[in-house]
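A.B. asks: here's my sequence, what's the structure:
(one chain, ligands or ions: 1)
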Amino acid sequence: MRALERAGATAVEVRTPEDLAGVDALVVPGGESTTVIRLLTRFGLIEPIRRRVREGMPFWGTCMGMIVAARDVAEMDQPTLGLLDVTVRRNAFGRQVESAEVPLTIPALGAEPFPAVFIRAPWIERTGTDVQTLAEHGGHGVMVRQRNVLGTSFHPELTGDGRVHGYFLQMIEEAA
Ligand code: GLN
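C.D. replies: Alright, predicted model coming up:
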C-alpha cells in the first residue's frame, strides 16, 4: 500500500465485497495462495472480483496474486479467479532464487534493468494467445499482461524502484 501511495494512488484494504465496490483497481499482493483462495471464497469475493475484472477494472497480482489470478496452476487443484489466461507453477524457481534480487530487463519500462525480488516465486509455463509477456527470467515468463490484468512473479513493492507501480497506475488511467 505504501508503494502504491508513493506512486500517486490512494490505497485502501479490500476485505469484503463492499470494500471492492469502492475501488477503481485491485492489487493482490504476495502471500500464500492456498490460504488466500480459501479466504476469498469465505468472504464471498470470488464472483465480485471476476465481475469487476470482466467489466474492465485493472487488476494486478504479484507473486501469490498472480497464482490466484491464473486460469491454471500446475499441480494445484483449488479453483482460482481465472482472470489471466496462463498456467503458472508455484515455487518454481526453488531454492536457488529464493529471496534473490535479479536485474530484470523489462522493455516496457525502459532500458534500465528492474531490481526484481523473487521470493518462492511462480513462473509462467503457458500463455494464452491474448497474453503479452513483458519480461522473462531463466527462460520463463515472469511479467505478463492480458488487457486490464497484470501479473508479476516478483515483488516490485520491496524495492525503491516505482516503475512497475507507475505502469499499473497508467493502466488505471487508461481504463478511466
Ligand atoms: N509460494 C507462495 C505460493 O505459492 C507465493 C510466494 C509469494 O507470494 N512470495 O502461494
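
A.B. asks: nearest residue to the residue nearest to the spatial centre of the chain in space, please, no chain neighbours.
C.D. replies: Geometric centre of the chain, nearest residue: Gly61, 1.7 Å, by C-alpha atoms, centre = their mean. Taking C-beta to C-beta, 6 or more residues apart in numbering, and ignoring the residues beside it in sequence, Gly61 has Ala69 as its nearest neighbour in space, at 4.1 Å. Where you see a C-beta, it was placed from the backbone N, CA and C, and this is true even at glycine.

A.B. asks: run through the strands of the chain in chain order.
C.D. replies: Ranges of strands in the chain, per DSSP state E, are 26-28, 59-62, 70-73, 84-89, 100-104, 114-118, 123-127, 132-137, 140-146, 149-152.

A.B. asks: let me have those strands in TSV, extended by distance to the ligand.
C.D. replies: As requested, the strands of the chain are exported to TSV (distance: least, C-beta to the nearest ligand atom, whole Å):
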stretch	distance to the ligand
strand 26-28	10
strand 59-62	7
strand 70-73	9
strand 84-89	9
strand 100-104	12
strand 114-118	8
strand 123-127	11
strand 132-137	15
strand 140-146	12
strand 149-152	10
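
A.B. asks: quick one on the thing from earlier: how much space is there between the residue nearest to Gly61 and Ser153?
C.D. replies: Per C-beta to C-beta, to the nearest Å, Ala69 is found 12 Å from Ser153.

A.B. asks: count of residues packed around the residue nearest to Gly61?
C.D. replies: 28 (other C-beta atoms under 10 Å).
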